Every structure is written in structure tokens, then in C-alpha cells.
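Colleague: Next input, structure requested:
(one chain, ligands or ions: 2)
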Amino acid sequence: MFLHYQPKVHVRRQEVASAEALLRWQHPNHGLILPGDFISVAEEAGEIGALTLWTLHRVIEDQKRLAAAGYDIRLFLNISGMLLADVAFVAKACEIVLGSNAKLGFEITETAVIRDPESAIRHLQEFAAIGVELAIDDYGAGLSSLAYLKQLPARELKIDKMFVMQLTSSNRDPLIVRSTIDLAHALEMEVTAEGVETPSALALLSVMGCDMVQGFLISRPMGIDALEAFLQQDSHLTRGVSGQSPFVRPESFWKRA
Ligand code: G
Ligand code: MN
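Modeller: Numbers count the residues shown, from 1 in each chain. Ligands and ions are numbered 1, 2, ... in the order given. Down below sits the predicted model:
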């Protein structure tokens with residue numbers, strides 16, 4: 001198992017705001033396996049807690065390494081909904097986070113909260129209280145949980161990529177995305193669009209007031225070395241004489257693509 005990181009870029013500030021850790025499994029026979037194909041297996045086998053704590057340790061090491069290199073960005077990891085009801089996991093995770101002094105965030109899918117809202121909300125408040133920023137992941141993909149949304153101590157709402165990937169080719173998705181952005185802002189949350197793959201989607205999201213974007217247009221998930229190089233390149237470009245940010249590419253770039 002190893003981690004890849006995918007940056008989230010702040011649209012107005014034109015800078016990398018944070019990055020999300022994504023677990024990958026390099027299997028000797030089956031090749032690269034993505035979390036969608038093994039997380040549920042780990043959950044069923046009762047191994048998800050141990051796997052997530054392992055990930056947490058790795059992410060803390062990587063966050064410290066980036067901070068030491070001058071890029072003290074927050075690193076997010078995905079937390080399975082199952083673990084939000086697990087008292088032992090929450091206690092251990094809090095202990096590790098408190099001892100780490102690293103800038104961290106947890107991404108939580110909304111469906112996770114619906115299963116056992118009371119303990120989930122209480123545990124999320126414990127994480128928030130020790131400085132872990134919370135993001136609601138894959139918003140819109142599960143059952144709607146507007147009733148819980150307002151109770152969660154989350155600072156960020158991530159719109160599921162299924163709405164973003166068809167943004168400029170569908171009639172309804174732009175309406176859903178725009179109203180979700182407005183809803184999140186009304187609840188004083190920042191909005192991230194995942195699955196941003198085209199310049200036209202980025203342009204539309206920017207006009208709609210979306211705060212952050214993540215997707216193949218900006219970067220594919222990459223190893224920690226590549227992330228550090230990406231951040232280095234980004235800081236040079238944003239400080240550059242032209243004042244041009246790497247995310248604003250010349251017209252010729254899009255014509256090629
Ligand atoms: O559930 P979650 O949103 O954490 O899933 C992230 C997954 O989506 C990762 O495995 C990542 O490789 C994939 N992903 C990230 N950006 C894009 C994108 O722009 N398009 C598509 N199709 N997949 C993406
Ligand atoms: Mn996620």
C-alpha cells in the first residue's frame with residue numbers, strides 16, 4: 001500500500017490550498033487497485049481501523065516533510081463512516097493527531113453520518129476541537145442529509161465528481177452545482193468541486209463562486225516527491241514576473257488539448 005496526493009487549488013487565490021491523500025494498493029498479481037475496490041473489504045474484515053491509523057501516521061510524516069520544505073499545507077485523509085462510530089478508533093486517532101503537531105483534515109462521506117448520527121457528530125466535534133479540519137466528501141452522491149449538514153462542524157463541502165464531470169454537457173448538473181455552492185456558503189462552508197477535468201468546467205465553477213477545485217485538469221494524484229515538486233513549481237510561477245499562475249494557462253494550451 002502507498003499514498004498518492006491530489007492537490008486542491010483555491011480558485012480566487014490561485015494557489016494550492018491543501019491536498020488529499022488517496023490510498024493505493026500495488027498488488028503483486030492484480031496490479032494497481034484503487035480504494036473503491038478494497039476499502040469495503042477492509043471494513044468487512046475489521047481491518048479498516050488499523051489501515052486508517054497506518055495512513056494517518058504516513059500522512060503526518062508527509063505533512064511534516066512538506067512543512068520543513070516550506071510548504072505547510074493541510075493534508076486530508078479519507079475516513080470511513082464505519083470508524084466514526086468506533087470509540088477506540090476515535091480515541092487513538094485523537095491521541096496521534098495531538099502528538100503530531102501536523103496540519104491535518106479528514107474527509108467524511110455524508111452517508112457515514114446518517115448511519116449513527118449522534119455518535120458521528122460527537123466524534124466529529126472531538127476531531128474539530130483538536131484542530132482537524134473536516135470536509136464533507138462526495139456530497140450529493142448519497143442520500144441527502146440536509147438535516148445533518150447544518151449540525152456538522154465541517155468547514156468544507158466537496159461536490160461529488162458525478163455532477164462536475166458533466167457540468168458543461170448537462171442541463172441539470174449546473175443547476176445542482178450552483179444551488180449546492182449557494183447552500184454551502186449560506187452554511188459558512190467553503191466548496192470544493194472534485195472531478196474538474198476541463199477548462200470550461202473550471203471557468204463555469206469559477207463564475208458560480210466555487211472556492212476550490214480538484215481534478216485531472218489541475219493534477220492527477222501523485223507521490224509525495226511529485227507533490228513537493230508541484231508545490232515548488234507553483235510557488236515559482238505565482239511569484240514570477242508575469243504574475244501568471246500555473247492554473248491560468250495560455251489559450252494555445254487549450255487548443256492543443
Ligand atoms: O471518493 P473520492 O472523491 O475520495 O475519490 C477520489 C478518486 O477520484 C481518486 O481515486 C481519484 O483518482 C479519482 N479522481 C480524482 N480526480 C478525478 C477527475 O478529475 N476525474 C475522474 N474521473 N476521477 C478523478
Ligand atoms: Mn475524498
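
Colleague: Tell me where the longest strand sits in this structure.
Modeller: As assigned by DSSP state E, the longest strand anywhere in the chain is strand 15-27.

Colleague: And that strand, what does it pack against?
Modeller: Where contact means 3 or more CB pairs under 8 Å, 6 or more residues apart in numbering; DSSP states H and E, strand 15-27 is packed against strand 2-10, strand 31-33, helix 35-44, helix 48-68, strand 74-79, helix 224-239. To be clear about C-beta, it is placed using only N, CA and C from the backbone, and glycine gets the same treatment.

Colleague: hmm, who's touching it?
Modeller: Among residues not part of strand 15-27, those counted as contacts by CB atoms under 8 Å, 6 or more residues apart in numbering are 1-10, 32-35, 38-39, 51, 55, 58-59, 62, 71, 73-78, 105, 107, 212, 214, 221, 227, 230-231, 234, 238, 245.

Colleague: of these, list those near ligand 1.
Modeller: Among the contacts of strand 15-27, the ones lying near ligand 1 by CB under 6 Å from any ligand atom are Gln6, Leu34, Asn78, Pro221.

Colleague: Disregarding residues adjacent in the polypeptide, which is nearest to the second one?
Modeller: Nearest-residue entry for Leu34: Arg24, 6.7 Å, with adjacent residues in sequence omitted and distances by CB to CB, 6 or more residues apart in numbering.

Colleague: gap between the one you found and ligand 2?
Modeller: Taken as CB to the ion, to the nearest Å, the spacing of Arg24 relative to ligand 2 amounts to 14 Å.

Colleague: The chain against ligand 2: which residues are in contact?
Modeller: Taking CB under 5 Å from the ion as the contact definition, the chain meets ligand 2 at Asn78, Glu107, Asp137.

Colleague: Now this structure against ligand 1: closest residue?
Modeller: Closest approach of the chain to ligand 1 (CB to the nearest ligand atom) occurs at Gly215, with a separation of 3.1 Å.

Colleague: Is that residue in contact with Ala193, as I believe?
Modeller: Yes: applying CB atoms under 8 Å, one finds Gly215 in contact with Ala193, separated by 7.4 Å.

Colleague: got the helices and strands packed on strand 15-27 as JSON lines, with mean pLDDT columns?
Modeller: Written out in JSON lines, the entries for these read as follows (pLDDT from 0 to 100):
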{"stretch": "strand 2-10", "mean pLDDT": "97"}
{"stretch": "strand 31-33", "mean pLDDT": "94"}
{"stretch": "helix 35-44", "mean pLDDT": "91"}
{"stretch": "helix 48-68", "mean pLDDT": "98"}
{"stretch": "strand 74-79", "mean pLDDT": "97"}
{"stretch": "helix 224-239", "mean pLDDT": "84"}
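
Colleague: just those: most buried one?
Modeller: Among the helices and strands packed on strand 15-27, the stretch with the highest mean neighbour count (mean count of other CB atoms under 10 Å) is strand 74-79, at a mean of 23.

Colleague: now it, how far from the centre of its chain.
Modeller: 6 Å (CA atoms, centre = their mean, to the nearest Å).

Colleague: what's the answer for stretch 41-51, then?
Modeller: In terms of CA atoms, centre = their mean, the centre of stretch 41-51 is set 21 Å apart from its chain centre.

Colleague: just stretch 8-15 next, same as before
Modeller: For stretch 8-15, the separation from the chain centroid amounts to 14 Å (computed by CA atoms, centre = their mean).

Colleague: and if you look at stretch 129-137?
Modeller: The chain centre lies 11 Å from the centre of stretch 129-137; the measure is CA atoms, centre = their mean.

Colleague: Average pLDDT for that stretch, rounded please.
Modeller: Model confidence over stretch 129-137, given as mean pLDDT, is 96.

Colleague: And the helices in the stretch 51-200 of the chain?
Modeller: Defined through DSSP state H, counting those that start in this stretch, the helices belonging to the stretch 51-200 of the chain, from first to last, are 87-100, 110-115, 117-129, 146-149, 161-164, 173-186, 199-207.
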